[in-house]
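**Q** What would the 3D arrangement of this be:
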Amino acid sequence: MVYSATRVQLAAQGIDPHYYLKRQAIWIVCGLAVMTVVALVDYQRLARLAYAGYVIAILSLVAVLSHRLGSSQYGSQRWFNLGPLEVQPSELAVLALILVTASYCSRQPVMTARHLVVVSAVAGVPILLVYKQPDLGTAIIMGVVLAAMLVCAGVRVRYLAFMTLLSLIGVIAAFQLGLLHSYQLSRLTSFLHPGTGTGSLSSANYNFTMAKTTIASGGLTGSGIGHGAATNGGYVPQQYTDFIFTAVGEQLGFAGSALVIGLFGVIALRMLRAAQTARDPLGRLLCAGALAFLAFSVFQNIGMNIGLMPIAGIPLPFLSYGGTALMVFFATVGLVLNVEMRRMARR
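**A** Numbering: from 1, shown residues only. Take a look at the predicted model:
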């Protein structure tokens, strides 16, 4: 899909049409290696490194906000430029959040209000730093992951309801105080009122319209790989990253899109099963966080491609181009494999 979404435009610029294909292949190999390492090291040992990883994640999120260390693209300060590589620390911060939350909550026999305040404060720091970049989509995913893990940890319903109320108040306050950037408001407004507005709002509407039109043009079986008119013409912005599902919809049609979604469903069910059969609370929490991370990323990305969710810049796991995200998703699967491999030990 990445190759089909980039080859024509690269060839037109005189660049090797296999450029993104080769880079993505290298990242996949590296991701498989990371997944293997994460799966082989007992997750109890990984949990002991959780706080060190958390500190590193916080420092990297602070450093990337510096104009001397971080680089800016599309109005966001999210990346480190390391020669030919670009590293996005917000993706790594999600993994750090899963590890540190699981490590802390698994040690508490009962999650009291005090414990909830502590874990919320610990999680709130990286979430706010990610939002500051600004990267609203990843910040939302981190919030969803935290909520799922707190439910798995057995936090009382009234505490969860109170946190939900505070979150809603925070969202309303962000709107009223103008804390959201103009392009973020444009994306949300275009999602709620498609086909209206001018300027940046029209740009957001264009993304919505082209994404839905491209997917719809695939029909039942699609146009065939390499034969999509919109994909070959480059009509969908950022198609090889955030909008890669439009290439799937146009070229593989409804049948191919359903197959892709079904395969994600298989992975999610296996993660759920690993959580159910985990030998201890730590393993169960790790699997719950991994499941929330992967499932909501898929839901948000495909949802924004078909107009059911606002555009939030979330990659589609294992399909979107991007080294950091690919490595993190492979590492996340490695965590679940780690738990499942040891489910029968020390019950």
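
**Q** Check which helices and strands the longest strand along the chain sits against.
**A** Longest strand in the chain, counting residues (DSSP state E): strand 76-82. The helices and strands touching strand 76-82, judged by 3 or more Cβ pairs under 8 Å, 6 or more residues apart in numbering; DSSP states H and E, are helix 50-64, strand 70-73, strand 85-87, helix 89-105. (C-beta placed from N, C-alpha, C; glycine too.)

**Q** If we use 10 Å, what do you get?
**A** Under the contact criterion of 3 or more Cβ pairs under 10 Å, 6 or more residues apart in numbering; DSSP states H and E, strand 76-82 touches helix 50-64, strand 70-73, strand 85-87, helix 89-105, helix 323-341.

**Q** If you count neighbours, what's buried in whatever helix or strand comes next after the fourth one?
**A** What that stands for is helix 89-105. Next helix or strand after helix 89-105 toward the C-terminus (DSSP states H and E): helix 113-132. Across helix 113-132, burial judged by 16 or more other Cβ atoms under 10 Å covers 115-116, 119-120, 122-123, 125-127, 129-131.

**Q** between helix 113-132 and strand 76-82, what angle do the directions make?
**A** Per axes from the mean of the first three to the mean of the last three Cα atoms, to 10 degrees, the angle that helix 113-132 makes with strand 76-82 is 80 degrees.

**Q** now helix 113-132 against helix 89-105, angle please.
**A** 180 degrees.

**Q** wait, Tyr131 sits on Ala139?
**A** Yes - at 4.2 Å, Tyr131 and Ala139 qualify as touching, with contact defined as Cβ atoms under 10 Å.

**Q** wait, what's in contact with Phe318?
**A** When contacts are counted by Cβ atoms under 10 Å, 6 or more residues apart in numbering, Phe318 is found next to 28, 31, 260, 263-264, 267, 294, 298, 325-326, 329-330, 333.

**Q** ranking those by neighbours, who comes first?
**A** Of these, Phe329 is surrounded by the most neighbours, 28 neighbours in total, counting by other Cβ atoms under 10 Å.

**Q** hmm, back to that, the helices and strands packed on strand 76-82: lowest mean pLDDT?
**A** For the helices and strands packed on strand 76-82, mean pLDDT drops lowest on strand 70-73, to a mean of 68.

**Q** sorry, back to before: identify, from the contacts of Phe318, the entry nearest to Met149.
**A** Leu294 (13.6 Å; Cβ to Cβ).

**Q** Spell out the secondary structure type for the closest one.
**A** Put simply, Leu294 is helix when judged by DSSP: H, G, I helix; E, B strand; the rest coil.

**Q** wait, what's in contact with it?
**A** Per Cβ under 10 Å, 6+ apart, neighbours of Leu294: 145, 264, 267-268, 271, 317-318, 329, 332-333, 336.

**Q** go again using 7 Å as the cut-off
**A** 267-268, 271, 317, 329, 332 (Cβ atoms under 7 Å, 6 or more residues apart in numbering).

**Q** just Gln300 next, same as before
**A** 137, 309, 312, 314.

**Q** residues near the residue lying closest to Asp280 once chain neighbours are set aside, how many?
**A** With sequence-adjacent residues excluded and distances taken as Cβ to Cβ, 6 or more residues apart in numbering, Asp280 is closest to Ser106, at 7.1 Å. Neighbourhood size, Ser106 [other Cβ under 10 Å]: 17.

**Q** mind checking how far Ser106 is from Leu337?
**A** Distance, Ser106 to Leu337, by Cβ to Cβ, to the nearest Å: 19 Å.

**Q** mind showing which ranges of the stretch 151-300 of the chain have poor pLDDT?
**A** By pLDDT under 70, the weakly predicted segments of the stretch 151-300 of the chain are 171, 174-204.

**Q** relative to helix 113-132, how tilted is the helix or strand hosting Leu160?
**A** Element membership for Leu160, per DSSP H and E: helix 157-176. Helix 157-176 runs at 30 degrees relative to helix 113-132, counting by the same axes, to 10 degrees.

**Q** who's in contact with helix 157-176?
**A** By Cβ under 7 Å, 6+ apart, helix 157-176 touches 113, 116, 150-151, 180.

**Q** Name the nearest of the contacts of Phe318 relative to Val155.
**A** Of the contacts of Phe318, the one sitting nearest to Val155 (Cβ to Cβ) turns out to be Leu294, at 21.8 Å.

**Q** so what's the residue positioned nearest the centre of the chain up against?
**A** Centroid-nearest residue in the chain: Ser297, 4.5 Å away (criterion: Cα atoms, centre = their mean). Contact partners of Ser297, counting by Cβ under 7 Å, 6+ apart, are 141, 314, 317.

**Q** Could you dump the contacts of Phe318 into TSV with distance to Arg284 added?
**A** TSV is the format used below for the contacts of Phe318 (distance: Cβ to Cβ, whole Å):
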residue	distance to Arg284
Ile28	29
Gly31	25
Val260	28
Leu263	24
Phe264	21
Ile267	18
Leu294	16
Val298	21
Ala325	25
Leu326	26
Phe329	20
Phe330	21
Val333	17
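
**Q** Pick the one among these closest to Val62.
**A** Looking across those and measuring by Cβ to Cβ, the closest to Val62 is Ala325, at 20.9 Å.

**Q** before we move on, the earlier item: quick one: the residue nearest to the centre of the chain and Ala123, what's the gap?
**A** On the measure of Cβ to Cβ, Ser297 and Ala123 end up 18 Å apart.

**Q** cool, and Val2?
**A** 32 Å.

**Q** I'd say Glu250 and Ser217 touch.
**A** Yes - under the criterion of Cβ atoms under 7 Å, Glu250 makes contact with Ser217 at 5.6 Å.
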